[in-house]
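In: Build me a structure from this.
(one chain, ligands or ions: 2)
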Amino acid sequence: MKNVLSIAGSDCSGGAGIQADLKTFSANGVFGMSVIVSVVAENTNRVISIEDVSPKMIGEQMDAVFEDIEVDAVKIGMLSTPKCMEVVVRKLEQYKPKHIVIDPVMYAKNGCPLMEESSLDTLISKVLPFAEVLTPNIPEAEKITGMKIQSVDDMEQAAKAILTLGCKGVIIKGGHREGSALDVLYDGEVFTHFETERIATKHTHGTGCTFSSAIAAQLAKGRSIREATSIAKTYVITAITHGLNIGKGCGPTNHFYALYKKAGLLNHVNEIVEEIVEVAK
Ligand SMILES: Nc1ncnc2c1ncn2[C@@H]1O[C@H](COP(=O)(O)OP(=O)(O)O)[C@@H](O)[C@H]1O
Ligand SMILES: Cc1ncc(COP(=O)(O)O)c(N)n1
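Out: Numbering: from 1, shown residues only. Ligands and ions are numbered 1, 2, ... in the order given. Predicted coordinates for the structure are as follows:
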């Protein structure tokens, strides 16, 4: 079993952040662990408030995991302030995990900011260079590069510009573009396009968290960046296709149901759960 750590914010409504990451890890067959950086009071509709965990506590959670357990990959999500970023970076330098996927989360799907404006410089200069794969969506790639991204060519130019900031690979995600859901991967040598039809749904809460966590899980299992991205794309599409109509806003991606149903395993899984319940009685 491979072990994968998410360093991110907690979404109490269960659709994004740490909660989406752990569900994705389980469904991708790896053991999931979490370091909580911020607690976010949010739901499918809005963000009510954010409380950051102290840098000391963030650092100690990382110590607790790394001093005891072999970490095969790390996924980094929401880091709201420069102070949160600095402690995470210090610990990454200390523990040097094998694979690091960074999702530079800036806004929730409803537009609420999850990263302070003042954090952008620290994100670019201190955090991004640690990424084996950086997964910005189009608005995030625009903030990082200062470019306007409208066409596929713009996505490729932005990917090139982001690579000069020190990360090894970048995937510009196309969830926010018009037309097909096209993601562009650039590894410094070739561009690879991952393109699927856009699914007509508003239930996309947690898509970016799901996608980046699936990439981290697959890198931990020894896949190349291209293979990991291809599997993660299939995974997120399935999870969006079966997205849940929960709450009043953008509902979450669906992890287990979609996968088990697709594999014809849904009845089997339900039977196993029943058996476990019987034994526990
Ligand atoms: N409506 C959709 N139909 C198909 N794929 C989608 C849709 N929305 C997002 N995706 C895919 O989900 C993944 C996450 O992308 P995106 O939604 O842009 O991330 P974020 O949550 O960071 O904004 C990408 O692979 C993207 O192409
Ligand atoms: C704690 C937390 N982290 C990240 C996101 C963004 O989620 P996504 O871009 O995947 O919809 C979120 N809404 N909340």
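In: Was I right to think Glu142 contacts Gln150?
Out: No - under the criterion of C-beta atoms under 8 Å, Glu142 is not in contact with Gln150, lying 10.0 Å apart. C-beta here means a position set from N, CA and C on the backbone, and glycine is covered the same way.
In: Flag the shaky bits of the stretch 151-281 of the chain, pLDDT-wise.
Out: 257-281 (pLDDT under 70).
In: picking up where we left off before, neighbour count winner among Glu142 and Gln150?
Out: Glu142 (18 against 12; other C-beta atoms under 10 Å).
In: Looks to me like that one is in a helix.
Out: Yes - judged by DSSP: H, G, I helix; E, B strand; the rest coil, Glu142 forms part of a helix.
In: which residue sits closest to it in space, ignoring its chain neighbours?
Out: With C-beta to C-beta, 6 or more residues apart in numbering as the criterion, Glu142 has its nearest non-adjacent residue at 5.5 Å, and that residue is Ile149.
In: Do I have it right that the one you found meets Met155?
Out: Yes - in this structure, Ile149 is within contact of Met155 by C-beta under 8 Å, at 5.8 Å.
In: Is the longest helix anywhere in the chain positioned near ligand 2?
Out: Determined from DSSP state H, the single longest helix within the chain is helix 225-241. No - using C-beta under 6 Å from any ligand atom, helix 225-241 never reaches ligand 2; the gap is at least 9.6 Å.
In: got it, and stretch 169-185?
Out: No - figure legend: stretch 169-185 not in contact with ligand 2 (C-beta under 6 Å from any ligand atom); closest approach 8.3 Å.
In: mind listing what's buried in that stretch?
Out: For stretch 169-185, burial by neighbour count (16 or more other C-beta atoms under 10 Å) applies to 169-177, 181-185.
In: who touches the nearest residue to Glu195 once chain neighbours are set aside in this structure?
Out: Nearest residue to Glu195 in three dimensions, chain neighbours excluded: Leu182, at 4.5 Å (C-beta to C-beta, 6+ apart). By C-beta atoms under 8 Å, 6 or more residues apart in numbering, the contact list for Leu182 reads 152, 155, 174, 193-195.
In: cool, and Lys202?
Out: Lys202 touches 249-251, counting by C-beta under 8 Å, 6+ apart.
In: how much space is there between it and ligand 2?
Out: For Lys202, the distance to ligand 2 equals 12 Å [C-beta to the nearest ligand atom, to the nearest Å].
In: show me where the stretch 151-281 of the chain has helices.
Out: 152-163, 207-220, 225-241, 256-262, 266-280 (DSSP state H, counting those that start in this stretch).
In: separation between the residue lying closest to Phe66 once chain neighbours are set aside and ligand 2?
Out: Spatially, and ignoring its direct neighbours in sequence, Phe66 is nearest to Tyr95 (4.3 Å; C-beta to C-beta, 6+ apart). Tyr95 is 23 Å from ligand 2, where distance means C-beta to the nearest ligand atom.
In: cool, Ile50 as well?
Out: For Ile50, the distance to ligand 2 - C-beta to the nearest ligand atom - is 8 Å.
In: who's that residue bridged to?
Out: When assigned by DSSP bridges, Ile50 has beta-bridge partners Val40.
In: Please look at it and Leu114 and confirm they touch.
Out: Yes - with contact defined as C-beta under 8 Å, Ile50 counts as touching Leu114 (7.1 Å).
In: which residues are in contact with both of these two?
Out: What both Ile50 and Leu114 touch, as defined by C-beta under 8 Å, 6+ apart, is the set 9, 38, 40, 80.
In: Which one (most neighbours) among those residues?
Out: Neighbour-wise, the shared contacts of Ile50 and Leu114 (other C-beta under 10 Å) top out at Gly9, 29 neighbours.
In: residue contacts, the residue nearest in space to the middle of the chain?
Out: In the chain, the C-alpha nearest the mean C-alpha coordinate belongs to Cys209, at 2.8 Å (C-alpha atoms, centre = their mean). Neighbouring residues of Cys209 by C-beta under 8 Å, 6+ apart: 8, 16-17, 20-21, 24, 77, 103, 105.
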